[in-house]
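Novice: Only the shape, not the letters, is given here:
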């Protein structure tokens, strides 16, 4: 008989819910046939060594080597996968040169290199857009050349062959522009806004059908440049940038694409008012007569001779938008990042707009904030001091297609000290790599799955779940006599939700640790084997549970039930029948950490961080501490301190152990003190949520909260306010 893969030892007592097992306290069971009436403790198999919660997570700065590019203005910077970042074009503010170089940064080797490129090499440009297309191409549109001519050409760069091609496009060319936005969705390149000749701001939107290379007509949208755009939930969204009055905007606009024939129908060449317009250019590598100029980066600025048929203003005015256009203006909010201060980078991930507020020339409050597009609610995910060093300036931001990582490119502000008179700030010499999952960001794939609303089958067309999970949920926790096919029993520690407690072990049995187990949960070992890696390892080792077909998990009944329901449905969303509440999700976070289930861990962190409230904040803080989730722990601690008077009156706080209460109180600053609600009203800090902006205070707290005596800043509380058009 094959030897089991796990070491045998005697049973340990059950671990209370408030004292979870760590890898060094793994519980193991004795393999053997055993009595079928016995129930055995769950094994907590250590899978890897985990960092202590005190270490936390802080993004690291990567210093690069090689052919570091100058800090070019209005270049394009794209992460293209495989640890590679490409930069193209831009303007050297120190030499007045415009470039068309292609540069590549290998993040693994930290090496910059100038890429030899071939084919229809585009002319020099700045303020263009480069969009990753089909995973291995960059689609470049528009920009402005050294003669201040605004371009509307389209060029494709193949990342595998370093070869440029210029497709023949059809339809009415859009006006030439720079500092616009472009996004690819459903094989269409959507272009909106930007600047054109005489510094006028464009207010149109159009798209290029990448299947037929045909331009659509232009529709009126919103005048904006230097803005961010993305497509999500059937809408194209625009945020930030400058309006036609050259003012930084904090408005968000969206245009419904679904239900609009102009945006949904495919563009076919030769129909309607569309005409053939092709744009070709000739490239002269030597730039004509004379010696080419050399910029501060050491590269030679290429120049070119081109024809620009679209640079002249078009006589065709944009049509009225066929889709529904909406906008919302944020007046004030405690978590609203001020667009007037700092250097902002706006990116989209997981159904949210992320706003990186980085240090600028002048001291300003920095942060990472998110705007949830479902609720249009701002949240502060991290303080700037936890992300950005004040000794660095960041010039570009790029993300991966999954929306799980971001990279900021910049340089330190100190002189380089190499004796050549060039400061370090003139180069893109450093990269700040940020794992967004550490701040509760799911990633586009997981966030997209959670929004899918298609029914799973004809049998469960009305289910809130999707896929096979909706069907399997009908068989969850159904006794075998109902025909469910359940062949395995799991018990847990009883809690307030489980009043029908019946002992599963006879008196006098050596397994007294589980004598007060909860009611049984009927499951299918096939599903547990397929969905739970730890269970599969235990089953392969033929441990005691293999023979008894019973298992006890020393966690609260409601948490274990929610965990098992997740194995069936792949969902932790709330629902009337089995959906977990926040307390259950907090317990599942501990189980995900213990049994090394990173996907479940990320789902739990995301929901707990998003739905953090007074009732559950203390429990979430405690479980985040046990699970070594530093970001969630700090977020919950700050929320508790800001709402201290309400938190200490919740059942969740009263359920904390003595040491947990002491540790939570120690989260406050050394100079903090408890003040009354009346005093807080005088200070203007009453009911200010986590991450208040516009002040230099370390904390602003709720009724009977803890407040720092060194607080400075605005004494008037902000109120949420929005204009919706």
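Specialist: Here it is on my side, so go on. Not measured: the values here are computed from a predicted model. Residues are numbered from 1 along each chain as shown.
Novice: Walk me through the domains of the chain.
Specialist: 1-58+442-611, 65-332+391-428, 629-725 (automatic domain parsing).
Novice: which residue ends up closest to the midpoint of the chain in space?
Specialist: residue 441 (3.6 Å; C-alpha atoms, centre = their mean).
Novice: Would you confirm that it contacts residue 353?
Specialist: No: using C-beta atoms under 8 Å, residue 441 makes no contact with residue 353, being 11.7 Å away. C-beta here means a position set from N, CA and C on the backbone, and glycine is covered the same way.
Novice: any shared contact partners between the two?
Specialist: residue 370 (C-beta atoms under 8 Å, 6 or more residues apart in numbering).
Novice: Just give the nearest non-adjacent residue to residue 341, would you?
Specialist: Distances taken as C-beta to C-beta, 6 or more residues apart in numbering put residue 364 closest to residue 341, at 4.1 Å, once the chain neighbours are dropped.
Novice: Can you list the low-confidence ranges for this structure?
Specialist: 1-55, 265-318, 321-322, 362, 415-426, 448-470, 496-515, 576-578, 677, 680-725 (pLDDT under 70).
Novice: what does whatever helix or strand residue 132 lives in rub up against?
Specialist: Element membership for residue 132 (DSSP states H and E) is strand 129-133. Identification of contacts with strand 129-133 by C-beta under 8 Å, 6+ apart yields 76, 78, 80, 86, 88, 138-143, 156-157, 180-184, 189, 191, 210, 401.
Novice: Next, the buried residues of it.
Specialist: 129-133 (16 or more other C-beta atoms under 10 Å).
Novice: next one: stretch 186-197
Specialist: 188-196.
Novice: Stretch 60-76 now?
Specialist: Here stretch 60-76 shows 61, 64, 67-72, 74-76 as buried, counting by 16+ other C-beta under 10 Å.
Novice: Turn the residues you listed into CSV, columns for distance to residue 149.
Specialist: Putting those into CSV (distance: C-beta to C-beta, whole Å) gives the following:
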residue, distance to residue 149
61, 38
64, 33
67, 29
68, 29
69, 24
70, 23
71, 24
72, 19
74, 15
75, 18
76, 18
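Novice: From the residues you listed, which land in helices?
Specialist: Judged by DSSP state H, the subset of the buried residues of stretch 60-76 located in helices is empty.
Novice: Could you check how far residue 61 is from residue 389?
Specialist: Look at residue 61 and residue 389: by C-beta to C-beta, to the nearest Å, they are 7 Å apart.
Novice: any idea which of the buried residues of stretch 60-76 is closest to residue 659?
Specialist: residue 61 (36.2 Å; C-beta to C-beta).
Novice: Show the contacting residues for that closest one.
Specialist: 389, 392, 430-432.
Novice: just residue 533 next, same as before
Specialist: 595-597.
Novice: Now the element after the strand holding residue 132, going C-ward?
Specialist: Downstream of strand 129-133 (by DSSP H and E), the next one is strand 137-144.
Novice: From the chain's centroid, how far away is that following strand?
Specialist: The chain centre lies 26 Å from the centre of strand 137-144; the measure is C-alpha atoms, centre = their mean, to the nearest Å.
Novice: Need the contact partners of it.
Specialist: 74, 76, 78, 80, 86, 88-89, 122, 125-133, 150-159, 176-178, 180, 182, 184, 189, 191, 194-195, 208, 210.
Novice: repeat that with 6 Å
Specialist: If you take C-beta atoms under 6 Å, 6 or more residues apart in numbering as the criterion, strand 137-144 is touched by 125-131, 133, 150-152, 154-158, 177-178, 182.
Novice: Generate a ChimeraX selection restricted to the buried subset of those.
Specialist: The following ChimeraX line selects those of those that are buried, judged by 16+ other C-beta under 10 Å:
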select :125,126,127,128,129,130,131,133,150,151,152,154,155,156,157,158,177,178,182
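Novice: Tell me which of the contacts of strand 137-144 fall in strands.
Specialist: Judged by DSSP state E, the subset of these located in strands is 129-131, 133, 150-152, 154-158, 182.
Novice: Of these, which is the nearest to residue 482?
Specialist: Scanning the ones in strands among the contacts of strand 137-144 for proximity to residue 482, where the rule is C-beta to C-beta, the winner is residue 133, at 52.7 Å.
Novice: With residue 381 as the reference, measure out to the closest one.
Specialist: According to C-beta to C-beta, residue 133 and residue 381 sit 30 Å apart.
Novice: just residue 361 next, same as before
Specialist: Taking C-beta to C-beta, one finds residue 361 at 25 Å from residue 381.
Novice: Look at these two and report which has more neighbours.
Specialist: residue 381 (24 against 9; other C-beta atoms under 10 Å).
Novice: which SS class is the more buried one?
Specialist: Classification of residue 381 by DSSP: H, G, I helix; E, B strand; the rest coil places it in strand.
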